[in-house]
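Novice: What shape does this take:
(one chain, ligands or ions: 1)
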Amino acid sequence: MRVVLLGPPGAGKGTQAQIIAGRLEVPAISTGDIFRANVSGRTDLGKQAKSYMDAGDLVPDEITVAMVKDRLAEDDAKAGFLLDGFPRTIAQGEQLRGSLEDLGQHLDCVLELVVEEEELVRRLSGRRMLVDGEWVQRDDDKPETVRHRLEVYREQTAPLSGFYESEGLLAQVDAIGSIEEVTARAMAALERSGQPNDS
Ligand code: ADP
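Specialist: Here you go, the predicted structure:
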């Protein structure tokens, strides 16, 4: 199955992506994780992406689209995938459709995790991650950057919801509740959209 997970920063995409991908037995492909790994590894890609990420801006499409295209061409993504954090602009959505067409594939479902903005600010400002045994705040989770990322989401990413709705692919999932509750709603939405285990 080929699934896109859409939703604002703080909606729980990363957590749900891992769980849902495990259930579907497809790789979870997170552009944020790939960028962060490249930044820590100080690769050329990481150097190009870092300043945009720290500012809470999107990394330019040329860089992001090429990276995802390469990733989707890898063997483990042939039978299906769950994309987390891509597409994030209508242009990326169109590029994705084109790349999949080239591979003779198409998306089966777009899950949108829905959470209101006040709750997102609360979640992101309190979020910490474990690095070398220490709990640290991600540079882009600082309060002023969080506000900017939410603006970027509203302006550039939220329109994808309408884009996929018009293609008949959109399933909105209420993402307030426990991790298990949200997963159950997402799996139910995938079942309604087709056969989740049928790649
Ligand atoms: P979140 O969903 O919590 O905002 P991600 O881990 O998905 O965070 O992404 C972190 C940062 O990586 C983004 O703010 C952006 O700078 C960059 N990034 C990730 N995916 C994309 C993308 N598809 N296009 C452009 N930039 C991206």
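Novice: contacts, neighbours, all on C-alpha from now
Specialist: Noted.
Novice: Spell out which parts of the protein neighbour the ligand.
Specialist: 9-10, 31-33, 52-53, 56-60, 64, 85-88 (Cα under 6 Å from any ligand atom).
Novice: one more time with 8 Å
Specialist: 7-11, 13-14, 30-33, 35-36, 49-50, 52-61, 64-65, 84-89, 92, 140, 149 (Cα under 8 Å from any ligand atom).
Novice: Show me which helix runs longest in this structure.
Specialist: helix 179-193 (DSSP state H).
Novice: what's the spacing between the residue nearest to T64 when sequence neighbours are not counted and G85?
Specialist: In space, and not counting its chain neighbours, T64 is closest to T31: 7.8 Å by Cα to Cα, 6 or more residues apart in numbering. Distance of T31 to G85, given as Cα to Cα, to the nearest Å: 6 Å.
Novice: Would you mind listing which of the residues of the chain next to the ligand are buried?
Specialist: Buried by 16 or more other Cα atoms under 10 Å: 7-11, 13-14, 30-31, 35-36, 49-50, 53, 56-59, 64-65, 84-89, 92, 140, 149, out of the residues of the chain next to the ligand.
Novice: Hmm, the residue nearest to T64 is touching D70, no?
Specialist: No: contact criterion Cα atoms under 8 Å: T31 and D70 do not qualify, at 11.9 Å.
Novice: which residues sit in contact with S30?
Specialist: Residues in contact with S30 (Cα atoms under 8 Å, 6 or more residues apart in numbering) are G14, L83, D84, G85, F86.
Novice: ok, it to Q92 distance?
Specialist: 14 Å.
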